[in-house]
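Chemist: Let's see this in three dimensions:
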Amino acid sequence: MPAVASSTPPISPSVPPELIRRVHALRAGDRLTTSIVDYLVPVLVYQLTGSATWAGVAFAAEWIPRIVAIGLGGPLVDRLRPRVVLLAVALARTILLTGGMAALAAGAGAPAIVVLGVACGFLAKVAYLATETLGAAVGRGHRDQARFQGVQTAIDQACAMVGPLVGGVLLVVGGQIGLGAALALSLITALLVAVVRMPPPAGAEGRDRRRSRGLRAGARALRAAPALCWLLTGLVTMNLLTGLLQAAVPVIVSSHGRSAAATGAVWSIGAAASLLAALLCARRLGRVGVPAIALSASLTAAAAGVGAALAGTYAQFVASMALLAAAEGAALVALRTTRARLIPQHVFGSTVAVMALVLLAPMPVGGLLLAAAPRAGLPALLIAVALLHTAITVIAAFGLRRHRHSLTAVPLSPTP
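Modeler: Next up, the predicted model:
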């Protein structure tokens, strides 16, 4: 696939270690801020109102604008620079969190916190696209792309695990303290953005950056990378299974006689399993290749879905969910490494936006399936979706195999 290969710069060991550390730290600051705010907003609303309905509204309000942000943020990142976008997001989030703290102090109530959730949710997705683009730009110059992307994925999973824990501890002291901690992290992130220096794009790359506009450019770049399209196909059905299971967690946990608090253990253990899988697969990816990791992760996810459907105890269900989370962590490393190598830098943000839209769509579909199915039919529904995912995985594996040459055009790790 010459067109793709020519747009990918050669790997060299020229990336300064200090730059890599700063990019990792920047990502950690942004993700941890997002994780804490995502946890705090619904809980604060529930504390203020005592209403589960209001808490649900707050949770939905955080996520709905993220879909809009995907469409706007990708082209914005490509048109400007990731650093510019990240700095703007960090400063805007700092102002919003300051306003949220003032609103709590003034007794403004739940509506003000919901508005904070809406705005921060939008900014979180824009920041996600910018950090993905920045990480890909730095990762292209790293001698071991798989390990670099594995660390980036591990940072995401660690923040997803630590954020709710930190938020829960801070809520014991007070809601303003929790928002204050997120505010401090946002300021630190802004400072980190200020000290990260990226080289300007080359002449041709700069012209391409100015020429590329909107999601159409991202869709064209995605179509030009068939291997990435096949990989994405398998992940779509994995996300359908994941969305169904995530929506069903409270139902299944209660069916095992556990309280709603036991749901938190499912997410914490799952995040830890995903973190471990991401680190292990990053080390193995250069040896076994993307197709093997992706196929193993997809089949593991299908097995986890069947296991969750047939789980006879709470412990068995938690183990199945941990297996699913581990499969997701491995698949993310494969996806991130592949797209960092096959997608031209000047349309990276737009392409990630298109991919995010494709991968996000099955999640609410899973919730609709749960709503439409009778409670007694949930195990059968889970098994059916797991079997569908297995069938699509096999088809995608054959498609990925036909285009495996594009995955070996540039080494994934240093050659001995």
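Chemist: Quick check: can you list the domain ranges of this structure?
Modeler: 15-199, 216-407 (automatic domain parsing).
Chemist: Adding mean pLDDT and mean neighbour count as columns, could you present those domains in a markdown table?
Modeler: From N, CA and C alone the C-beta is placed, and that goes for glycine too. Supplementary listing: these in a markdown table, determined by pLDDT from 0 to 100; neighbours: other Cβ atoms under 10 Å:
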| stretch | mean pLDDT | mean neighbour count |
| --- | --- | --- |
| domain 15-199 | 82 | 20 |
| domain 216-407 | 86 | 20 |
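Chemist: So Leu240 sits against Ala386, correct?
Modeler: No - under the criterion of Cβ atoms under 8 Å, Leu240 lies out of contact with Ala386, with a separation of 9.9 Å.
Chemist: Let me see the ranges of the helices in the stretch 201-350 of the chain.
Modeler: For the stretch 201-350 of the chain, applying DSSP state H, counting those that start in this stretch gives helices covering 203-211, 214-223, 226-255, 262-288, 290-310, 314-342, 348-360.
Chemist: I'd like those helices as a markdown table, with distance to Tyr46 appended.
Modeler: As requested, the helices of the stretch 201-350 of the chain are arranged in a markdown table below (distance: least, Cβ to Cβ, whole Å):
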| stretch | distance to Tyr46 |
| --- | --- |
| helix 203-211 | 44 |
| helix 214-223 | 36 |
| helix 226-255 | 15 |
| helix 262-288 | 14 |
| helix 290-310 | 27 |
| helix 314-342 | 24 |
| helix 348-360 | 25 |
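Chemist: Looking at those, spot the one closest to Val193.
Modeler: When the helices of the stretch 201-350 of the chain are compared for distance to Val193 using Cβ to Cβ, the nearest one is helix 348-360, at 15.9 Å.
Chemist: which is the next helix or strand following that closest one?
Modeler: helix 362-372 (DSSP states H and E).
Chemist: The helices of the stretch 201-350 of the chain: which one's closest to Leu129?
Modeler: Among the helices of the stretch 201-350 of the chain, helix 348-360 comes nearest to Leu129, with 5.3 Å by Cβ to Cβ.
Chemist: which strands and helices sit next to that closest one?
Modeler: Helix 348-360 sits against helix 52-79, helix 110-139, helix 214-223, helix 226-255, helix 314-342, with contacts defined as 3 or more Cβ pairs under 8 Å, 6 or more residues apart in numbering; DSSP states H and E.
Chemist: Now with 6 Å, please.
Modeler: In this structure, helix 348-360 makes packing contacts with helix 52-79, helix 110-139, helix 214-223, judged by 3 or more Cβ pairs under 6 Å, 6 or more residues apart in numbering; DSSP states H and E.
Chemist: between that helix and helix 226-255, how many degrees?
Modeler: Angular relation of helix 348-360 and helix 226-255 on a 0 to 180 degree scale: 40 degrees, by axes from the mean of the first three to the mean of the last three Cα atoms, to 10 degrees.
Chemist: Now tell me what touches helix 348-360 from outside.
Modeler: Residues outside helix 348-360 that contact it (Cβ atoms under 6 Å, 6 or more residues apart in numbering) are 70, 74-75, 77-78, 129, 132-133, 136, 215, 217-219, 221-222, 239, 343.
Chemist: Kindly recompute the last result at 8 Å.
Modeler: 67, 70-71, 73-78, 82, 125, 128-130, 132-133, 136-137, 212, 214-215, 217-219, 221-222, 232, 235-236, 239, 339, 343 (Cβ atoms under 8 Å, 6 or more residues apart in numbering).
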